[in-house]
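# Only the shape, not the letters, is given here:
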């Protein structure tokens with residue numbers, strides 16, 4: 001942009017690359033950073049640098065870990081007999097809010113033949129090596145064609161190992177009116193109904 005110092009323009013450009021941040025919001029954020037005291041801004045920039053330098057992926061569960069320590073795998077209070085399989089490490093954030101206390105395994109994606117992603121491209125072999133102590137495996141993958149294909153593939157292979165395999169229920173959201181529920185969700189709700 002003309003009339004704006006290059007460093008400020010660069011900051012606006014970098015903020016605009018973030019998901020959900022438009023040009024106007026990027027400008028507001030950059031101006032906020034410019035006007036904020038250095039003592040308040042440096043911890044912010046340090047936090048960004050730290051997250052890039054310190055965070056890696058656990059070799060066991062493939063989730064985020066810091067300083068060669070996975071907070072989930074190292075937590076002995078978690079129930080290691082229940083293993084929740086997720087697509088990405090960020091999916092853990094949502095599951096943890098439910099009070100779930102088992103362990104996780106991150107696939108690192110979903111089967112998608114169109115994009116050339118097969119089971120060999122996912123963390124499937126390391127999953128099979130973790131099943132010795134598991135009594136239940138929860139397939140918590142997104143309800144999409146790729147998620148369903150991955151769920152079917154894993155369920156078929158896990159059942160051969162004499163392990164209880166479950167998946168997340170699908171259905172009508174709490175507080176929703178049928179007027180706003182799509183046909184696919186309502187179909188899954190009927191198919192996955194449970195007895196009182």
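Received it, and whenever you're ready, just let me know what you need. Just so it is clear, the structure is predicted and the values come from calculations on it, not from any experiment.
# Show me where this structure has its strands.
55-57, 64-66, 79-86, 102-106, 136-139, 164-167 (DSSP state E).
# what's the single longest helix in the protein?
helix 38-54 (DSSP state H).
# show me the contacts for residue 123.
Taking C-beta atoms under 8 Å, 6 or more residues apart in numbering, we find residue 123 in contact with 62, 105-108. The way it works is simple: take the backbone N, C-alpha and C, and place the C-beta from them, glycine included.
# do that again at 10 Å, thanks
Going by C-beta atoms under 10 Å, 6 or more residues apart in numbering, residue 123 touches 57, 61-62, 85, 105-109, 130.
# Could you tell me the phi and psi values at it?
Dihedral pair for residue 123: phi -80, psi 60, per degrees, to the nearest 10.
# That one and residue 23, how far apart?
Separation of residue 123 from residue 23 (C-beta to C-beta, to the nearest Å): 38 Å.
# Can you read off the pLDDT for the spatially most central residue of the chain?
Most central in the chain under C-alpha atoms, centre = their mean is residue 91, positioned 2.3 Å from the mean C-alpha point. pLDDT, residue 91: 95.
# got it, and residue 148?
Predicted confidence (pLDDT) for residue 148: 91.
# Now for it: which residues touch it?
For residue 148, the contact set (C-beta under 10 Å, 6+ apart) comprises 110-111, 141-142, 167.
# With residue 18 instead?
Contacts of residue 18 (C-beta under 10 Å, 6+ apart): 25-26, 29.
# Okay, helices next: where are they in the protein?
Counting by DSSP H, the helices of the chain are 6-16, 23-35, 38-54, 91-96, 125-128, 145-159, 183-191.
# can you state the direction angle for the second one and helix 6-16?
If I follow you right, that is helix 23-35. 130 degrees (axes from the mean of the first three to the mean of the last three C-alpha atoms, to 10 degrees).
# gap between helix 23-35 and the chain center?
Centre-to-centre, helix 23-35 and its host chain are 29 Å apart (C-alpha atoms, centre = their mean, to the nearest Å).
# next one: the shortest one
Between the centre of helix 125-128 and the centre of its host chain there is 19 Å, according to C-alpha atoms, centre = their mean.
# wait, isn't residue 9 in contact with residue 34?
No: Residue 9 lies out of contact with residue 34 (C-beta atoms under 10 Å); the separation is 11.4 Å.
# Comparing the two, which residue is more hemmed in?
residue 9 (15 against 12; other C-beta atoms under 10 Å).
# ok, now which ones touch that one?
1-3, 27, 30.
# what's the pLDDT at it?
At residue 9, pLDDT is 95.
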